[in-house]
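Trainee: could you look at this predicted model? Sequence included:
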Amino acid sequence: MNVRNTLIAAAIGTLFTGMAFAQTGTEVQRDINQQNRIEQGLQSGQLNTREAGRLEREEAGVEHMEAHAAKDGSVSAQEAARIKAAQDKVSQDIYREKHDAQTGNPNSASSQRMQADVQRNVNQQNRIEQGVQSGQLTTREAGRLERGQARDNRLQARAARDGHVGAGEQDRIQAAENHQSKRIWRKKHNDRMQ
């Protein structure tokens with residue numbers, strides 16, 4: 001390790017020593033931004049359904065990491081760094097997929113279904129972020145809700161794996177998202193506060 005890296009590591013270590021991070025809206029806001037970018041790619045035709053499905057699978061992985069990190073009620077600096085690195089990779093992959101030669105038909109029934117599902121993710125993530133920001137959700141509760149978001153994203157990824165999201169697949173996804181929506185409401189309206 002050279003002197004510069006040692007100094008940077010020492011400064012970071014001093015900044016974060018003994019400090020456990022509560023999950024802030026930062027991770028959730030980043031999830032929202034990336035979901036918005038996926039939806040925009042579907043709407044513009046820069047992403048096809050299969051590409052969006054792969055990106056949703058990656059998002060599920062990030063949300064699973066967030067859930068795991070928050071399960072004890074706080075997110076350590078090391079966990080936050082791993083989450084940020086995973087989010088950075090998803091961001092690069094979104095860019096790469098949107099700027100490759102593959103295109104989609106934003107007006108196809110399959111793309112319309114995927115767009116609706118991704119928009120639903122954005123709405124659910126916004127509700128989680130609002131709960132974290134207002135103190136209605138504890139870090140642990142937000143982590144559990146992120147686990148549910150990861151589950152929904154995996155369903156979307158499976159449905160889009162073959163490049164087509166059928167009506168029956170969307171019905172299953174919507175049922176899971178309805179269940180998640182109720183969980184978000186219950187967690188935000190219980191007596192636990194941050």
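Mentor: Yep, that arrived.

Trainee: ok, Y95 to Q34 distance?
Mentor: 11 Å (CB to CB, to the nearest Å). Quick note: C-beta positions are derived from backbone N, CA and C, even for glycine.

Trainee: does V132 touch T26 like I think?
Mentor: No. Using CB atoms under 8 Å, V132 makes no contact with T26, being 9.4 Å away.

Trainee: which of these two has more neighbours?
Mentor: Shown here are V132 and T26; by other CB atoms under 10 Å, V132 has more neighbours (25 against 16).

Trainee: got the phi and psi for the more buried one?
Mentor: Backbone geometry at V132, expressed as degrees, to the nearest 10, gives phi -70, psi -50.

Trainee: list the contacts of the helix or strand containing N33.
Mentor: Here N33, judged by DSSP states H and E, is contained in helix 25-44. Helix 25-44 is contacted from outside by 46-47, 49, 51-52, 55-56, 59, 62-63, 66, 75, 80, 83, 87, 90-91, 94, 97-98, 104, 106, 111, 114-115, 118-119, 121-122, 125-126, 128-129, 132-133, 142, 146, 149, using CB atoms under 8 Å, 6 or more residues apart in numbering.

Trainee: in it, what counts as buried?
Mentor: Judged by neighbour count using 16 or more other CB atoms under 10 Å, the buried positions of helix 25-44 are 25-28, 30-32, 34-35, 37-39, 41-43.

Trainee: now it, how far from the chain's geometric center?
Mentor: Remark: helix 25-44 is offset 8 Å from the chain centroid, using CA atoms, centre = their mean, to the nearest Å.

Trainee: next, the angle from the following helix or strand past it to helix 25-44.
Mentor: For helix 25-44, the following helix or strand on the C-terminal side (DSSP H and E) is helix 49-70. Interaxial angle, helix 49-70 versus helix 25-44 (axes from the mean of the first three to the mean of the last three CA atoms, to 10 degrees): 170 degrees.

Trainee: sheet partners, orientation included, of the helix or strand following helix 49-70?
Mentor: Sequence order places strand 75-76 as the next helix or strand after helix 49-70, per DSSP H and E. Neighbouring strands of strand 75-76 in its sheet, by DSSP bridges, are strand 20-21 (antiparallel).
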